[in-house]
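S.K.: just to be clear, the model below is a prediction. Sequence and coordinates:
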Amino acid sequence: MSTLHPTQTSPEALLRQLYDAAVARAQPLLNMPACLPTPPAGRTVVVGAGKAAGAMAHALERLWPADAPLSGVVVTRYHHTPPRPADLTQRIEILEAAHPVPDQAGVDAAQRMMALVQGLTPHDLVMCLVSGGGSALLTWPAEGLTLADKQQLNRALLESGASIGEMNTVRKHLSRIKGGRLAAACHPAQVVTLTISDVPGDDPAVIASGPTVPDSSTCAQALAILARYRIELPPAVQQALAQGHLETPKPHDPVFHGHTLHMLATPQQSLEAAADLARAAGLNAYILSDEIEGESREVAKVHAALARAAAKGMGPFRKPCVILSGGETTVTVRPPLPNTPRGKGGRAGEFCLGLAMALQGQPGVWGLAADTDGIDGVEDNAGAWVTPDSLARADALHLKPSVYLDRNDSYRFFEALEDLVVTGPTHTNVNDFRALLVL
């Protein structure tokens, strides 16, 4: 492990190294060896989806016995396939599709996977590689829904402020492959699911909408969520939900008998890796939670209050310290005002903008918020920095933070300050990473 020294390393560099430590802890090759089963007497078929699916496939290819059959297909986000090592023979095909709004490539990938698992026997093994992002990447609309309907639904859910659990409850009931349906298609083969968690609470039924695990949510709950956020469906699909015709396989269903699941990486593990590195540098390290949800701008206010108290020698945290948190916040997108550009930015950027405003230039406090997959929303940055002089520099450029926050335009705000955190795809995903440094 690398070492840091808060008096010899810039605050920004220190925070970036903590982020890098969190990402490194969640790499599939580090965590997979202890979770692999013995090759079966029959075939081994690999399917999967998520932002980490490409790296997971490479790790499995490296670790699986060379003389044991292995084939299959996974799907990841465009440009998220890691470079293939020169010494690695390709046995698993890696496809790419759109995220967070699905496209035809995702539909094609889902249909190929369902075709691959047809006709298996109890002597066969299905290895399912699942990570965050799989809900959009693994798309096969339920009967009565078109791809255009699913795209509109995803956009509406993403902009509604719904939690990831709520979004995936809806997605599972409007899919032919999610919510345990992929597992049902694999029956009677053995199924082993390897997953990387990107959701608060690490519930495997929520990660990528649980294609190979039982679903305890109901059509009625999906309907209630759609009503809560005023999202409409085609009348025939609305009726099918109301009548329970789109129900998912439940925990008691025999198709899940003998299935196993291993959690390869979690947000908590990554936060602990960052905390360990901070403590090695002589900093106090505090993990608030790996399950923080809520509006990004409101979560930022709470973090700012804790950091300001620590900076003033008050509250529960003693400086010099790092305050860490994870989870999945939300952004309720406001309609753009007339003659103004539509906002750009994701959860991490909106958190940082809210944080900067709440800190009000507090001396001795720096912050970083970034998505561990390297992409904040749909932009090219992972997140952004906040420094004690963020607001002063914004004022010098005639930028009004409240205006940018009102239109969900954090990307342009931090782009103007040259404070975007750009990492490129990290090939894993344990969701939000937030770190506040108080010196």
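M.R.: Structure's in. What do you need? Since we're looking at a predicted model, the values are computed, not measured.
S.K.: contacts and neighbour counts: CA atoms only from here.
M.R.: OK.
S.K.: which regions of the chain sit below the pLDDT cut-off?
M.R.: 1-8 (pLDDT under 70).
S.K.: how is it divided into domains?
M.R.: Residue ranges for each domain of the chain read 11-24+267-438, 32-249, as given by automatic domain parsing.
S.K.: in a markdown table: those domains, plus distance to residue 260.
M.R.: Shown next, in a markdown table, are those (distance: least, CA to CA, whole Å):
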| stretch | distance to residue 260 |
| --- | --- |
| domain 11-24+267-438 | 21 |
| domain 32-249 | 5 |
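S.K.: can you redo these as JSON lines with mean neighbour count?
M.R.: Formatted as JSON lines, the domains of the chain follow (neighbours: other CA atoms under 10 Å):
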{"stretch": "domain 11-24+267-438", "mean neighbour count": "21"}
{"stretch": "domain 32-249", "mean neighbour count": "21"}
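S.K.: which residue is the nearest non-sequential neighbour of residue 80?
M.R.: residue 425 (5.8 Å; CA to CA, 6 or more residues apart in numbering).
S.K.: how about the contacts made by that neighbour?
M.R.: Applying CA atoms under 8 Å, 6 or more residues apart in numbering to residue 425 gives the contacts 79, 80, 373, 374, 375.
S.K.: closest one to residue 227 out of the residues you listed, please.
M.R.: residue 375 (30.2 Å; CA to CA).
S.K.: measure the closest one to residue 233 for me?
M.R.: Distance, residue 375 to residue 233, by CA to CA, to the nearest Å: 30 Å.
S.K.: with residue 141 instead?
M.R.: With CA to CA as the criterion, residue 141 and residue 233 are 12 Å apart.
S.K.: and residue 425, by the same measure?
M.R.: In terms of CA to CA, residue 425 sits 34 Å off from residue 233.
S.K.: where along the stretch 51-200 of the chain do the strands fall?
M.R.: 71-77, 92-97, 125-131, 190-196 (DSSP state E, counting those that start in this stretch).
S.K.: how far is the second one from where the chain is centred?
M.R.: By that I understand strand 92-97. Its chain's C-alpha centre lies 19 Å from the corresponding centre of strand 92-97 when counted by CA atoms, centre = their mean, to the nearest Å.
S.K.: now do it against strand 71-77, angle only.
M.R.: For strand 92-97 against strand 71-77, the angle by axes from the mean of the first three to the mean of the last three CA atoms, to 10 degrees is 30 degrees.
S.K.: who does strand 92-97 pair up with?
M.R.: strand 71-77 (parallel) (DSSP bridges).
S.K.: distance from the strand it pairs with to the middle of the chain?
M.R.: The answer for strand 71-77 is 18 Å, by CA atoms, centre = their mean.
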